[in-house]
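quick one: sequence and predicted model below, then my questions.
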Amino acid sequence: MKYFDAHCHIQMHQYDDDRSAVIASMKEAEVGGIIVGVDRESSEKAIALANGVTLFASVGLHPNDTPDEVFDMDAMRALAQSPNVVAIGECGLDYYRPEEPESEKARQKDIFKKHIELAIETGKPLMIHARPSKGTMDAYDDAFDILKPYKDAHQELRGDMHFFVGDAVTAAKFVSIDFTLSYTAVLTFTHDYDETIRSLPLSNILTETDAPYAAPAGNRGKRNDPLAVRDVVKALASIRSEDEEVVRASLLQNARLMFALPNN
Ligand SMILES: [Zn+2]
């Protein structure tokens, strides 16, 4: 592998017509990645696509894409044992537009804690989705406050803040508990995150695409694919004024460490 897409959804229906071509193009471009489940069915599909060499799976329940689903701890625990599952999630808190804020937040927090407990039990890192309400860091603050006591009691707990949109102060909180922050190809068309990215140790950054979402400049609004992770590496190197090859190699190494990937 040369690149690692820490968060994509190529099990979703958007790839039904050309999934094997997308996977072949990843292999060709030496792009590996984690196929992330958002509910039980998509987690099972992610496991079915994982090969344990370049493609891996993450299993969990997204905080609000699947509001009616019950978190079946026993089912998730069984899925989490699968050898190609390298992370637990996506899970977390999404406060962007909660309809019944108080009961919805309580529901999300409860399910998030179950994922954290599963991560501790399995020794696998968390894949966290946290989306604050507009103009605030609320979901990050709450996620950190929930994570911190678990981290204090279980030093081995780790995880990635997927599609990170927080500020530098918020980023530093997650760095302080050994978490990584992952960035997508939105870096190709906005400078909103440059200051935060420059403030971070390179060792706490990961690359991802969130494909089929978040296509890079030139492709906006179209379906994205994991090859765009190359654009993310290029953008991160440029924002940080660092050598692209050094950045690429470091980011790949960060992913290997976070997800305990085999060395290939
Ligand atoms: Zn996602």
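Arrived safely, thanks for sending.

for the helix or strand harbouring E44, list the C-alpha coordinates in CSV.
Assigned by DSSP states H and E, E44 falls within helix 40-49. In CSV, the C-alpha atoms belonging to helix 40-49 read as follows (Å, rounded to 0.1, in the frame of the first residue of the first chain):
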residue,chain,number,x,y,z
ARG,A,40,-25.8,-3.8,11.1
GLU,A,41,-26.4,-4.6,7.4
SER,A,42,-23.7,-2.3,6.1
SER,A,43,-21.3,-3.6,8.7
GLU,A,44,-21.9,-7.1,7.5
LYS,A,45,-21.3,-6.0,3.9
ALA,A,46,-18.1,-4.3,4.9
ILE,A,47,-16.8,-7.5,6.4
ALA,A,48,-17.8,-9.4,3.3
LEU,A,49,-15.6,-7.1,1.2
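
strands paired with the helix or strand following it, and their directions?
Per DSSP H and E, the first helix or strand lying C-terminal to helix 40-49 is strand 55-59. Strand 55-59 has the following sheet partners, assigned by DSSP bridges: strand 31-36 (parallel), strand 85-94 (parallel).

looking at the ones you listed, which is closest to Y3?
Using C-beta to C-beta as the measure, strand 31-36 is the one of the strands paired with strand 55-59 that comes nearest Y3, at 4.6 Å. For the C-beta atoms, the positions are set from N, CA and C on the backbone; glycine is no exception.

thinking again about what came up before, let me have the strands paired with strand 55-59 in CSV, extended by mean pLDDT.
Compiled in CSV, the strands paired with strand 55-59 are given as follows (pLDDT from 0 to 100):
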stretch, mean pLDDT
strand 31-36, 98
strand 85-94, 97
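
those strands: which one's closest to P149?
From those, taking C-beta to C-beta, the stretch that ends up closest is strand 85-94, at 15.9 Å.

now do the closest one: distance to the chain's middle.
Strand 85-94 sits 7 Å away from the centroid of its parent chain (C-alpha atoms, centre = their mean, to the nearest Å).

export the strands paired with strand 55-59 to CSV and tack on mean neighbour count?
Below are those laid out as CSV (neighbours: other C-beta atoms under 10 Å):
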stretch, mean neighbour count
strand 31-36, 28
strand 85-94, 28
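
could you dump the ones you listed to TSV with distance to P63?
Shown next, in TSV, are these (distance: least, C-beta to C-beta, whole Å):
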stretch	distance to P63
strand 31-36	13
strand 85-94	4
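
ok, back up a step: what packs against the helix holding E44?
On a contact count with 3 or more C-beta pairs under 8 Å, 6 or more residues apart in numbering; DSSP states H and E, helix 40-49 meets strand 31-36, strand 55-59, helix 73-80.

if you set the cut-off to 10 Å instead, what comes out?
strand 31-36, strand 55-59, helix 73-80, strand 85-94 (3 or more C-beta pairs under 10 Å, 6 or more residues apart in numbering; DSSP states H and E).

now the element after the last one, going C-ward?
Past strand 85-94, further along toward the C-terminus, the next helix or strand under DSSP H and E is helix 101-122.

avg pLDDT for that following helix?
Helix 101-122 comes out with an average pLDDT of 94.

can you pull the buried residues of that helix?
For helix 101-122, the neighbour count (16 or more other C-beta atoms under 10 Å) marks 104-105, 107-109, 111-112, 114-116, 118-120, 122 as buried.
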